[in-house]
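In: Provide a 3D model corresponding to the input given below.
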Amino acid sequence: MNAIESVKDTLRPKFEDLLLHLNGTDQMAAAGFFTKLFVDLNAVASEEQLLELFIELSTTAFIGISFDELALAQIDDILLTAEQVKKAIRKAEGSGSHYPDGTLVCVENTSNLGGGACYSQEALDEIAAVAKENGCATHIDGARIFNASIATGVDVARMCRDYDSVSICLSKGLGAPVGSVLVGSQEFINKAHRWRKMFGGGWRQAGVLAAAGLHALDHHVERLVEDHARARKVAEAINAMDNFSVDLEAVQSNLVYVNCNIPAADLVVSLAEHGIDMFDLPYNRVRVAIHLHITDEDVDRIIAAFAAQ
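Out: Residues are numbered from 1 along each chain as shown. Below is the predicted model:
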């Protein structure tokens, strides 16, 4: 056994202990494409996966799933509701075989294009209940789940209690260089390992990155409140400017979506001249993401750059 493998063997039980504590599941796996992997794991020909409209998902054509088999729930407000899930789940029975069978409901917390807003625990519980009543597996895309926990005061274990699996990102707000973990039952994780291998995933020399993930979990969770406060400052300042507006109700964590009254593409070019890099989004918007490396001085620079437009 080489030194790297020894480090992996040392760190793996620590990750497992942590994730078992989070939601009482049996096992975990690590990789960086788990939202896609989870959908693929649950995908069977003629079945349908129900996703939040705003969840990021690359094409699943690699395993023969078309987007006809991915239902994107239309969100009237900034977050999905149990009633919307109930309406969106389709079943083949009674449809004359026109519909696929809905088998999976996936929710993202915090919601990315929902402006970083957080689901209430009541809403999460209701969505999980509706999914199970209709024979669907449940998954939480937890790319920023610790942001949601800090913002709402709800422990991650409680947040995930009624869901079959959860993916947790160790980078993004937590600041690790790279890495995510997938939590689920032993049977589910066994399948995940197999699919990860089929997709070319896996990294033998991952011990150092695992150590960075452990450091992030030990030291960078409670400090997320600082990112949220900085995001709120940015949002309120930009919302007061003539050329921009922000839905302040949605600014509950570290993300700020800015609606532009000037071309967003031109704004991106101008911000780059001020040393601020971002890209324009649909509906003439840009996103400001506050993270571990953004300081109070950086926040002042961001506000000044927007004010200069």
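In: low-confidence ranges in the stretch 201-309 of the chain?
Out: Residue ranges of the stretch 201-309 of the chain with pLDDT under 70: none are present.
In: what segments of it are helices?
Out: Secondary structure of the stretch 201-309 of the chain by DSSP state H, counting those that start in this stretch: the helices cover 207-219, 224-239, 264-273, 296-307.
In: quick one, which of those helices is nearest to Phe146?
Out: Of all the helices of the stretch 201-309 of the chain, helix 224-239 sits nearest to Phe146, with 6.1 Å by Cβ to Cβ. Where you see a C-beta, it was placed from the backbone N, CA and C, and this is true even at glycine.
In: now do that closest one against helix 296-307, angle only.
Out: 20 degrees (axes from the mean of the first three to the mean of the last three Cα atoms, to 10 degrees).
In: name the residues that touch helix 224-239?
Out: The contact list for helix 224-239 (Cβ atoms under 8 Å, 6 or more residues apart in numbering) reads 116, 146-147, 150-151, 173-174, 244-246, 248, 251-256, 258, 288, 290-292, 294, 296, 299, 302-303, 306-307.
In: the longest strand along the chain pairs with which strands, and in what direction?
Out: As assigned by DSSP state E, the longest strand anywhere in the chain is strand 101-108. Strand 101-108 has its sheet partners listed here by DSSP bridges as strand 47-52 (parallel), strand 137-142 (parallel).
In: what's the angle from the helix or strand following that strand to strand 137-142?
Out: Using DSSP states H and E, the next helix or strand after strand 101-108 towards the C-terminus is helix 121-133. Direction vectors for helix 121-133 and strand 137-142, defined by the same axes, to 10 degrees, enclose an angle of 150 degrees.
In: centre of the chain versus helix 121-133, how much separation?
Out: On the basis of Cα atoms, centre = their mean, to the nearest Å, helix 121-133 sits 18 Å off its chain's mean C-alpha point.
In: quick one: buried ones out of the contacts of helix 224-239?
Out: In these, burial by neighbour count holds for 116, 146-147, 150-151, 173-174, 244-246, 251-256, 258, 288, 290-292, 294, 299, 302-303, 306, counting by 16 or more other Cβ atoms under 10 Å.
In: pLDDT weak spots in the stretch 1-150 of the chain?
Out: For the stretch 1-150 of the chain, residues meeting the criterion pLDDT under 70 lie at 1-77.
In: rerun that using 90 as the cut-off
Out: Of all residues in the stretch 1-150 of the chain, those with pLDDT under 90 make up the ranges 1-81, 83-107, 112-115, 134-137, 141, 143.
In: find the nearest non-adjacent residue to Val299, please.
Out: Arg230 (5.0 Å; Cβ to Cβ, 6 or more residues apart in numbering).
In: ok, now Tyr163?
Out: Thr138 (4.5 Å).
In: ok, now Leu209?
Out: Closest residue to Leu209 apart from its sequence neighbours, by Cβ to Cβ, 6+ apart: Gly179 at 5.5 Å.
In: so who does that neighbour touch?
Out: Residues near Gly179 by Cβ under 8 Å, 6+ apart: Ala30, Gly32, Cys169, Leu170, Ser171, Ala206, Leu209, Ala210, Ala212, Gly213.
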